[in-house]
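Enquirer: Below are the sequence and a predicted model for it; my questions follow.
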Amino acid sequence: MAGATRINSRVVRFAIFASILVLLGFILSRGSATSYSLPSGLTSDTSQSTGSSPKSESKPSSQGSSGATELKKTYTTDGKEKATFVSLARNSDVWSLASSIRHVEDRFNHKFHYDWVFLNDEEFSDEFKRVTSALTSGKAKYGLIPKEHWSFPEWIDKERAAKTRKEMAAKKVIYGDSISYRHMCRFESGFFFRHELMQEYEWYWRVEPDIKIFCDIDYDVFKFMKDNNKMYGFTVSLPEYVATIETLWDTTRAFIKENPQYLPEDNMMDFISDDDGLSYNGCHFWSNFEVGSLSLWRSEAYLKYFDHLDKAGGFFYERWGDAPVHSIAAALFLHRDQIHFFDDVGYFHSPFNNCPVDADLREERRCMCNPKDDFTWKGYSCVPEFFTVNNMKRPKGWEAFSG
């Protein structure tokens, strides 16, 4: 009965969310995968690169009442981690990305001076490098994406892919007719972490154009992840647009059946499936904000999983996004307590806000956001499900912001 209740409530939430998707259309599509879109006198490097059971019982979480508040944090600028910000962008994104950089630098990185890696499928312009390098407090590095990472693989039937794009366009599926969007989703799913500029790093924070950070972050996020054995961090979670991933779960189930050894017993299958793995409920972490360990994507499990998906062709025969791909992989291949919800960052990417609902936390972190705009506890957010399956206590006053 409990399982049926969960599934019925999920259906209602999907219906609500589907309506929102129709209204938001273009805006929302930028969220599931990048849409391409300080102190003066600091020196930046602007050199161009050439370059067994799939389900387990939920267990009490170590994350405390609201995620980060009860976990070990490191308030130091000494001994930085091998970490970088990474942004996939076009030259035309320069000013919208400049705003994002300023948010991150002002709220966090001016204290820690981590590097920035910018990646593009075309050469970056002098203007782009001049503007962005002037804003970063760490080294700014610029990389060209290899053609083989931004093109149709040889096994893809281009006529079949073109037919799919035409059909999706007729159905008005978000970015259904876009080739570049598909290249981007495939790149973020399987190749960003392989770029030569990323090889010296162990951790990354993904930053996209037009995002905002609302709260002061006075601890080293990367040290926090390492100290607490976290591998993947997120701020927003919601259902994916089903029409873009119709066969993704069947393809995933085939991989699981062939490779059960990659799933730890305490994985988080119950977050992404309401029926013990028979179907995918659509919940995914919004990947325009990710803080994570690159070792996850470089692991044997993930590399084989991505190769399995890539050969299936769903990035082109459908419109698989990097958000559900990353989310499914994290839920299946990680221990559940290695996935972290950042409740204290304060984040915005149109159209959704993450604003701490705890008044004391907002005051402590000098958050500049209205909790009434927070998306976290709304009925069509998947964060409540994340808290439920992990037996986590919700933050003080969350009920007032769930309507």
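Expert: Structure's in. What do you need?

Enquirer: hey, let's count contacts and neighbours off CA atoms from now on
Expert: Noted.

Enquirer: And the average pLDDT for the helix or strand Ile328 falls within is what?
Expert: Assigned by DSSP states H and E, Ile328 falls within helix 322-333. In this model, helix 322-333 has a mean pLDDT of 98.

Enquirer: for stretch 379-390, same thing?
Expert: 97.

Enquirer: for stretch 185-201, same thing?
Expert: 98.

Enquirer: Packing partners of the helix holding Ile328?
Expert: Packing partners of helix 322-333 (3 or more CA pairs under 8 Å, 6 or more residues apart in numbering; DSSP states H and E): helix 179-190, helix 269-272, strand 283-285, helix 300-312.

Enquirer: Give me the contact list for the third one.
Expert: The one in question is strand 283-285. The contact list for strand 283-285 (CA atoms under 8 Å, 6 or more residues apart in numbering) reads 234-240, 271-272, 323-324, 326-328, 382.

Enquirer: which non-adjacent residue is nearest Cys215?
Expert: Cys367 (4.0 Å; CA to CA, 6 or more residues apart in numbering).

Enquirer: Just the buried subset of the contacts of strand 283-285, written out for ChimeraX, thanks.
Expert: The ChimeraX selection below is limited to those of those classed as buried (16 or more other CA atoms under 10 Å):
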select :234,235,236,237,238,239,240,271,272,323,324,326,327,328,382
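
Enquirer: thinking Val236 is in contact with Cys355, fair?
Expert: No: with contact defined as CA atoms under 8 Å, Val236 does not reach Cys355; the gap is 10.3 Å.

Enquirer: Show me whatever sits in contact with both of the two.
Expert: With CA under 8 Å, 6+ apart, Val236 and Cys355 have common neighbours 375-376.

Enquirer: tally of neighbours for the residue nearest to Trp398 when sequence neighbours are not counted?
Expert: Once flanking residues are discounted, Trp398 sits nearest to Val357: 6.2 Å by CA to CA, 6+ apart. Counted with other CA atoms under 10 Å, the neighbours of Val357 add up to 26.

Enquirer: Just the pLDDT for Val357.
Expert: With respect to pLDDT, Val357 has a value of 97.

Enquirer: Distance of it relative to Thr235?
Expert: Going from Val357 to Thr235 by CA to CA, to the nearest Å gives 13 Å.

Enquirer: hmm, back to that, could you point out which of the contacts of strand 283-285 is nearest to Ser92?
Expert: Nearest to Ser92 among the contacts of strand 283-285: Ala323, at 23.5 Å, using CA to CA.

Enquirer: picking that back up, out of the helices and strands packed on helix 322-333, which is the most enclosed?
Expert: Stretch with highest mean neighbour count among the helices and strands packed on helix 322-333: strand 283-285 (a mean of 27; mean count of other CA atoms under 10 Å).

Enquirer: strands paired with that one, and their directions?
Expert: With DSSP bridges as the test, strand 283-285 is paired with strand 237-239 (antiparallel).

Enquirer: Follow the chain on from the partner strand and name the next helix or strand.
Expert: As assigned by DSSP H and E, the chain's next helix or strand after strand 237-239 is helix 248-258.

Enquirer: could you pull out the strands for the chain?
Expert: 83-88, 115-120, 140-144, 203-206, 212-213, 232-234, 237-239, 283-285, 290-293, 339-341, 347-349, 352-354 (DSSP state E).

Enquirer: picking up where we left off before, format the helices and strands packed on helix 322-333 as CSV; extra columns: distance to Arg362.
Expert: Shown next, in CSV, are the helices and strands packed on helix 322-333 (distance: least, CA to CA, whole Å):
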stretch, distance to Arg362
helix 179-190, 32
helix 269-272, 28
strand 283-285, 23
helix 300-312, 37
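
Enquirer: can you pull the pLDDT of the residue lying closest to Ile339 once chain neighbours are set aside?
Expert: Leaving aside its chain neighbours, Ile339 sits nearest to Tyr232 (4.9 Å; criterion: CA to CA, 6+ apart). Looking at Tyr232, its pLDDT reads 98.

Enquirer: Could I get the contacting residues of Tyr232?
Expert: 290-293, 330, 338-340.

Enquirer: May I have the beta-bridge partners of it?
Expert: Tyr232 has these beta-bridge partners by DSSP bridges: Gly292, Ile339.

Enquirer: Would you mind finding the most buried of the strands of the chain?
Expert: A comparison of the strands of the chain by mean neighbour count, using mean count of other CA under 10 Å, puts strand 283-285 on top with a mean of 27.

Enquirer: What is the burial count for the closest residue to Asp358 other than its chain neighbours?
Expert: Sequence neighbours aside, Lys396 is the residue nearest to Asp358 in space, at 5.8 Å (criterion: CA to CA, 6+ apart). Neighbour count of Lys396, defined by other CA under 10 Å: 13.

Enquirer: Give me the pLDDT value at the closest residue to Ser125 other than its chain neighbours.
Expert: Nearest residue to Ser125 in three dimensions, chain neighbours excluded: Asn91, at 6.3 Å (CA to CA, 6+ apart). Asn91 is assigned 98 on the pLDDT scale.

Enquirer: Now do Asn91: how many residues are near it, please.
Expert: Neighbour tally, Asn91, other CA under 10 Å: 18.
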